[in-house]
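Trainee: sequence-free structure coming up:
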Ligand code: ATP
Ligand code: MG
């Protein structure tokens, strides 16, 4: 499961857990992105912070693990390159690979680079996300012949949580308690990420 995880939140964890159970996955590997190589309106906090927050969020789950593969690259990474590397480590003769995303992100990933090749390398699990209709998703999937068998839409209860919402709440001094694990909340305050001020939700 790739993402900027800026920061990781309950929506990510819930999506990963639903995918794990639904598709009987042995392991879910969380892989925070490196720093983007192209100009963005808002840069994510350094990948070291995002890696540490992700580790804090998942370390009590026996089937969740962390990969530094993208975070440690100096160059901008593309999902296609990451999946090629993973395929070498987990060959198709012995392993099935599923790339877990939200339905919004699968669209972005497949519109990037070599969609057919991406679908050969890995299957995709696209979890439902607020404001992203199934109809729109299905229409999009018709563009790729392999999509029907390689992309699996997974309907899950919609949690209207995003990293952007959390960053906005922090800047406004609102509480993010229960939107992120307590360990991640503490970490954000300790390192004063996202220009947070002392929040109403902060207990220590
Ligand atoms: P931002 O608001 O900065 O875009 P985000 O909340 O979308 O962040 P990402 O790190 O971009 O988080 O997302 C990683 C993956 O998790 C994406 O595939 C995204 O679609 C999915 N995802 C994030 N939040 C949710 C959610 N609440 N429900 C389902 N999927 C989600
Ligand atoms: Mg996003």
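Mentor: Nice, thanks for sending it over. Here the structure is a predicted model, which is why all the values come from computation and not from measurement. Ligands and ions are numbered 1, 2, ... in the order given.
Trainee: so where's the protein uncertain?
Mentor: Under the criterion pLDDT under 70, the flagged ranges of the chain are 37-40, 112, 132-133, 197-204.
Trainee: for the closest residue to residue 47 other than its chain neighbours, helix, strand, or coil?
Mentor: In space, residue 47 comes closest to residue 71 once its chain neighbours are excluded; the distance is 3.9 Å by CB to CB, 6 or more residues apart in numbering. Placement of C-beta: from N, CA and C, glycine included. Assigned by DSSP: H, G, I helix; E, B strand; the rest coil, the conformation of residue 71 is coil.
Trainee: quick check, residue 71 in contact with residue 52.
Mentor: No. Using CB atoms under 8 Å, residue 71 is not in contact with residue 52; the gap is 10.4 Å.
Trainee: with neighbour numbers in mind, choose between these two.
Mentor: residue 71 (20 against 16; other CB atoms under 10 Å).
Trainee: how about the protein: which residue is closest to ligand 1?
Mentor: residue 102 (2.0 Å; CB to the nearest ligand atom).
Trainee: may I have the beta-bridge partners of that residue?
Mentor: residue 127 (DSSP bridges).
Trainee: residues contacting the residue nearest to residue 47?
Mentor: Remark: with contacts taken as CB atoms under 8 Å, 6 or more residues apart in numbering, residue 71 is in contact with 31, 32, 33, 34, 47, 48, 50, 51.
Trainee: identify the farthest-apart pair in the residues you listed.
Mentor: Within the contacts of residue 71, 31 and 48 form the most distant pair, 14.6 Å apart (CB to CB).
Trainee: contacting residues around the closest residue to residue 151 other than its chain neighbours?
Mentor: Spatial nearest neighbour of residue 151, excluding adjacent residues (CB to CB, 6+ apart): residue 124 at 4.5 Å. Neighbour list for residue 124: 98, 99, 100, 101, 106, 109, 150, 151, 152 [criterion: CB under 8 Å, 6+ apart].
Trainee: where's residue 124 relative to residue 96, distance?
Mentor: 12 Å (CB to CB, to the nearest Å).
Trainee: same question, residue 149
Mentor: Counting by CB to CB, the gap from residue 149 to residue 96 is 13 Å.
Trainee: which one of those two has more residues nearby?
Mentor: Neighbours per residue (other CB under 10 Å) separate residue 149 from residue 96, with residue 96 holding more: 12 against 9.
Trainee: burial check on the nearest residue to that one once chain neighbours are set aside, number of neighbours?
Mentor: Nearest residue to residue 96, sequence neighbours excluded (CB to CB, 6+ apart): residue 123, at 6.9 Å. Other residues near residue 123 come to 16 when the count uses other CB under 10 Å.
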